Structure formats: structure tokens, C-alpha cells
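[1] Got a predicted structure plus its sequence, pasted below:
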Amino acid sequence: MVNNLLLAYYGDDFTGSTDALEALTLAGVPTVLFFEPPDAQALERFPGVRAVGLAGHARGRSPAWMHAHLAPALAALARLGAPVLQYKVCSTFDSSPAIGSIGCAIDIGVPLMRGDWSPSIVGVPRLGRYQAFGHLFAVAQGEGHRLDRHPTMSRHPVTPMAESDLRLHLGAQTQRRRALVDFTQLKRDGGDAALQLARKGADVPVVFIDVLDDETLRAAGRLVWQQRGAGVFSASSSGLQYALAAHWQAIGLVETPQPLPAAGPVDRVAVVSGSCSPGTAAQIAWAADHGFALHRLHVPRLLADGGAETARAVDAAAAALARGASPLVYSAAGPDDPAVLGFDAHAAAAGLSRSDAALRTGQALAHVMRGLLDRVPALRRVAVAGGDSSGEVAAALGVQALTMHARLAPGAPLCRAASASAARDGLELVLKGGQMGGPDFFGIVRDGHPP
């Protein structure tokens with residue numbers, strides 16, 4: 001039990017885990033993101049830590065996997081004794097009863113804490129995510145969309161969002177009662193009356209809290225912290241981190257954050273991408289026009305004979321580094337890429353299920369990055385695009401923990417790795433979700449110039 005911890009969280013993918021790490025660090029909450037449940041010896045390396053994260057893979061896994069793997073991970077975090085235990089979800093809440101079930105995670109996590117409600121904050125204004133009357137909205141290319149009409153999330157290849165009312169969406173994943181504290185109630189009395197009504201009953205309900213702006217964000221943080229009781233479990237996006245941190249700062253529970261160092265330039269970086277989002281596609285196109293050496297993985301060959309295709313990619317990337325260029329190895333460029341549209345057929349031709357084919361693709365990118373770092377040990381800054389790909393790469397590199405080192409773009413910080421391997425310790429690593437960053441993001445990774 002770590003008595004000074006304020007929050008412990010499990011990130012349902014690796015990019016979302018670093019998003020939460022950034023939110024807390026920027027607010028002055030010393031935070032460490034681990035890749036395995038930390039013990040006392042692991043925590044001793046980071047004195048003064050106030051929040052602990054654990055990066056996971058649950059977003060792309062089944063309920064059976066969650067019961068086998070997520071349950072012990074959440075139990076290990078609960079034993080640290082933080083008053084808030086979080087299952088950190090994507091700010092687009094994309095999930096389904098069969099894959100990445102947030103309802104399943106809630107049913108596993110709620111019994112680990114003694115609270116009589118389970119708050120859920122999903123809106124993150126800093127990331128262009130807003131919740132109003134229980135409906136989730138997200139900004140894409142400067143335009144706001146209700147999530148079931150969002151150009152990317154409504155077409156997500158694994159968990160498309162067909163419902164923007166989060167109470168209805170979650171209702172397909174759990175029988176647990178759902179309630180809402182809407183933004184009018186937050187503005188009227190801080191949401192206390194609505195929460196008191198929602199908590200009546202013998203069960204532990206999930207209570208969504210609207211977030212539209214900084215005012216409602218702070219109000220949501222106050223509501224969760226003041227009504228945490230003996231401890232609460234929360235399935236929330238990094239909106240929970242931003243909300244709690246705003247309230248902690250207001251009451252003086254955490255110190256004023258110190259400015260982080262600027263991300264300086266490096267001569268070369270290496271990037272691998274398994275993201276299918278149009279945002280990453282635009283970043284790949286920008287990189288092609290600004291000195292990066294692009295190498296596309298041939299998905300049919302990769303699924304049929306991953307070793308040969310991976311070796312070809314490592315050779316091409318290493319050759320690019322040798323001539324002073326920054327390699328970018330990718331499997332697709334946007335949702336309409338032929339590799340995405342034909343992925344099911346490619347998987348079937350290789351005798352693989354869709355999930356196994358996706359896993360093989362992520363593992364191939366991980367092997368590319370590991371092989372590249374082994375071959376070019378002077379390479380000290382790398383980036384990964386895509387949540388599942390980020391998890392596979394981080395695991396393959398033998399990284400034990402991350403701390404935030406510098407800002408790059410909201411939700412995609414520059415991190416520093418802690419590892420028992422001297423070759424990996426201190427590696428600068430960026431794990432980027434598909435929607436994060438502007439078109440020039442990979443250039444910022446290479447050249448610095450943080451916003």
C-alpha cells in the first residue's frame with residue numbers, strides 16, 4: 001500500500017496510457033507508467049510518485065481475456081491503496097460486447113473498491129471531445145461530429161460507434177444501472193443532487209458526468225473527489241485525470257507544475273505505424289514530402305511469411321538511417337487503403353482469423369523496431385502510431401516504465417523509458433493514437449519545436 005497515491009489506472013491501450021500520463025504530469029502530479037504491475041522495489045526507483053499507471057491491451061481483447069488478464073492487473077493496482085482506481089478508456093469510448101468491452105471491465109473493477117457509485121468522465125475538451133446530455137461528440141479536422149456520425153469512429157474497423165448516447169452504448173455491455181449528471185445539473189449545484197438520486201438503490205451504478213468546457217471539467221473533478229467515499233472505481237478517459245487534477249490544484253492538494261523541458265531536435269528518428277486513421281494517413285503523407293524514407297509493409301506477404309517481410313523492412317529502414325534519413329515503416333495509410341479494405345481476405349488467404357492477423361501485423365512492426373534498434377544502437381528517439389502497435393512495440397523493447405519528458409502534441413507526449421537493459425534505458429519514445437497530432441507530427445518528433 002502506497003499511502004500518498006492519489007490515483008492508480010490501467011490503460012486499455014498503450015497510446016491512451018501515455019495520454020493519461022501526460023494529463024497528470026502537466027498538472028503537477030508525479031506519475032509513472034509501468035508495463036507490468038509494480039511492486040515496492042519498482043516504485044522505489046521513482047520517489048515522490050503520486051499516480052501510477054499500468055499500460056495494457058484490453059481495448060482489443062475479448063471478455064474472456066479480460067477475466068483472465070485484466071482482473072489480476074486491476075486487483076494488483078487496487079492493492080496499492082489509491083482512493084481512485086481507473087480503467088482508462090479511449091476518449092471516443094469505442095468498444096463492443098465482444099471486443100474491448102468497457103462494461104466487462106466495469107463489472108470486474110467495481111467490486112475491487114468500496115464506493116457506492118462508479119463515476120465515468122469521457123469528455124476531454126483539450127482533445128476535442130465533448131459530452132452533452134450523455135451524448136459524445138468529437139472534433140475531426142476542425143469540425144465537430146456526434147460520435148455515431150464521426151468520419152473515423154463510425155467506421156472503425158473493429159469497434160465502430162453506432163450510438164452516441166453512452167448510457168445506451170454501455171447498456172449493450174453490462175446489466176449494471178447507468179445514470180447521468182448532465183451539464184445543467186453541474187452548473188446548478190455541482191451535480192450533488194443528481195448524484196444523490198442516482199446512488200439510491202442497493203446496486204453500484206455507473207454515473208456518466210457531462211464535460212463541455214473547463215468549468216464543467218473542474219466541477220466533474222470536484223464531484224468525484226468529494227464523493228469518493230471509501231474509494232471508487234471509474235471507467236473514464238483522460239478526462240478523469242484532467243478533471244481531478246484541476247480540482248486538486250484548486251484545493252492545493254498538488255503543487256503548481258514546473259515547466260517541462262522543450263523537446264529538442266535529433267538528427268534521425270524511426271517511426272512504425274499500424275494506424276488506419278485518416279489523421280495518421282495525413283501524417284504519413286506529410287512525412288513523405290519532408291525527408292522521411294517511407295517503407296510500406298506488404299500485408300499479404302507479411303501474413304503469409306512474416307519473417308521475410310519483417311527482415312526486408314528492417315533492411316530498408318537501416319539503410320535509410322545509414323544515409324541520414326528517418327525511416328517510417330507502415331502497414332496502411334487511412335481507412336480506405338487497399339490493405340485495410342482487403343484485410344479480411346488477406347487474413348483468410350493466410351489461414352488466420354482477423355484478430356490473429358491484426359496481432360501478427362502489430363508484432364511485425366514490433367520486430368521491425370526492435371531489429372532496427374539492435375542494429376543501430378545510436379538511435380535514441382522512436383515513435384509508434386496506433387494503439388495495438390504501440391503495445392506490441394513497447395513489450396518487444398523490454399521497457400519497464402515510462403515518464404513524460406516533453407510535450408509534442410496533446411495526448412501524444414515524448415516519454416523516457418526506464419529499462420533494466422542499458423541499451424533501452426533512457427530511450428525517447430512516442431506512442432501516438434491514430435487521431436492525435438497534426439499533419440506535421442512526425443516532423444515535430446524529429447525536429448522538436450513543441451507547441
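    Received it, and whenever you're ready, just let me know what you need.

[2] contacts, neighbours, all on C-alpha from now
    Will do.

[3] Return the helix or strand in the chain with minimum mean pLDDT.
    helix 387-396 (a mean of 80; mean pLDDT, DSSP states H and E).

[4] Summarise which helices and strands the helix or strand just after it is packed against.
    Using DSSP states H and E, the helix or strand that directly follows helix 387-396 along the chain is strand 401-409. On a contact count with 3 or more CA pairs under 8 Å, 6 or more residues apart in numbering; DSSP states H and E, strand 401-409 meets helix 14-26, strand 31-34, strand 412-418, helix 441-447.

[5] These: which one's closest to residue 426?
    Comparison of the helices and strands packed on strand 401-409 against residue 426 by CA to CA identifies strand 412-418 as nearest, at 5.0 Å.

[6] Paired strands for the closest one, with orientation please.
    Paired strands of strand 412-418, with direction, are strand 401-409 (antiparallel), strand 428-432 (antiparallel) (DSSP bridges).

[7] Show me what counts as buried in the longest helix anywhere in the chain.
    The longest helix of the chain (DSSP state H) is helix 354-375. Using 16 or more other CA atoms under 10 Å as the test for burial, helix 354-375 gives 354, 357-358, 360-373.

[8] mind listing the helices for the stretch 251-400 of the chain?
    278-289, 299-304, 306-322, 338-341, 343-349, 354-375, 387-396 (DSSP state H, counting those that start in this stretch).

[9] Show me what the second one is packed against.
    Under the contact definition 3+ CA pairs under 8 Å, 6+ apart, helix 299-304 sits against helix 306-322, helix 343-349, helix 354-375.

[10] Among the ones you listed, which comes closest to residue 236?
    If you check each of these against residue 236 by CA to CA, helix 354-375 wins as the nearest, at 25.2 Å.

[11] Distance from the closest one to the middle of the chain?
    Relative to its parent chain, helix 354-375 has a centroid offset of 19 Å by CA atoms, centre = their mean, to the nearest Å.

[12] the inter-axis angle of it versus helix 306-322?
    Angle, helix 354-375 to helix 306-322, by axes from the mean of the first three to the mean of the last three CA atoms, to 10 degrees: 40 degrees.

[13] what's the pLDDT at the nearest residue in space to residue 348 that is not next to it in sequence?
    Excluding the flanking residues, the one nearest residue 348 by CA to CA, 6 or more residues apart in numbering is residue 354, at 7.9 Å. Note on residue 354: pLDDT of 84.

[14] Same question for residue 3.
    Residue 3 is assigned 67 on the pLDDT scale.

[15] Redo the helices and strands packed on strand 401-409 as CSV? Include mean neighbour count and distance to residue 334.
    Output for those, formatted as CSV (neighbours: other CA atoms under 10 Å; distance: least, CA to CA, whole Å):
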stretch, mean neighbour count, distance to residue 334
helix 14-26, 27, 18
strand 31-34, 26, 29
strand 412-418, 25, 19
helix 441-447, 23, 16
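
[16] out of the ones you listed, which comes closest to residue 226?
    helix 14-26 (18.7 Å).

[17] Touching stretch 347-366 from outside, list them.
    Stretch 347-366 has contacts (CA atoms under 8 Å, 6 or more residues apart in numbering) with 272-274, 299-300, 302-304, 306-307, 310, 329-331, 343-344, 388-389, 392-394, 396-397.

[18] Make a PyMOL selection of whichever of those residues turn out to be buried.
    Only the buried entries of these go into this PyMOL selection, using 16+ other CA under 10 Å:
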select buried, resi 272+273+274+299+300+302+303+304+306+310+329+330+331+343+344+388+389+392+393+394+396+397
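
[19] follow-up on the earlier one: closest to residue 14 out of the helices of the stretch 251-400 of the chain?
    helix 387-396 (5.2 Å).

[20] just the angle between that closest one and strand 412-418, please?
    Using the same axes, to 10 degrees: helix 387-396 against strand 412-418 is 20 degrees.

[21] Centre of the chain to helix 387-396, how far?
    In this view, helix 387-396 has its centroid 11 Å away from the chain centroid, taken as CA atoms, centre = their mean.

[22] In this structure residue 153 contacts residue 92, no?
    Yes: at 7.4 Å, residue 153 and residue 92 qualify as touching, with contact defined as CA atoms under 8 Å.

[23] Common neighbours of these two, please.
    Both residue 153 and residue 92 are in contact with residue 147, where contact means CA under 8 Å, 6+ apart.

[24] hang on, the earlier thing: so which of the strands paired with strand 412-418 is the most packed in?
    Ranked by mean neighbour count, the strands paired with strand 412-418 are led by strand 428-432 with a mean of 26 (mean count of other CA atoms under 10 Å).
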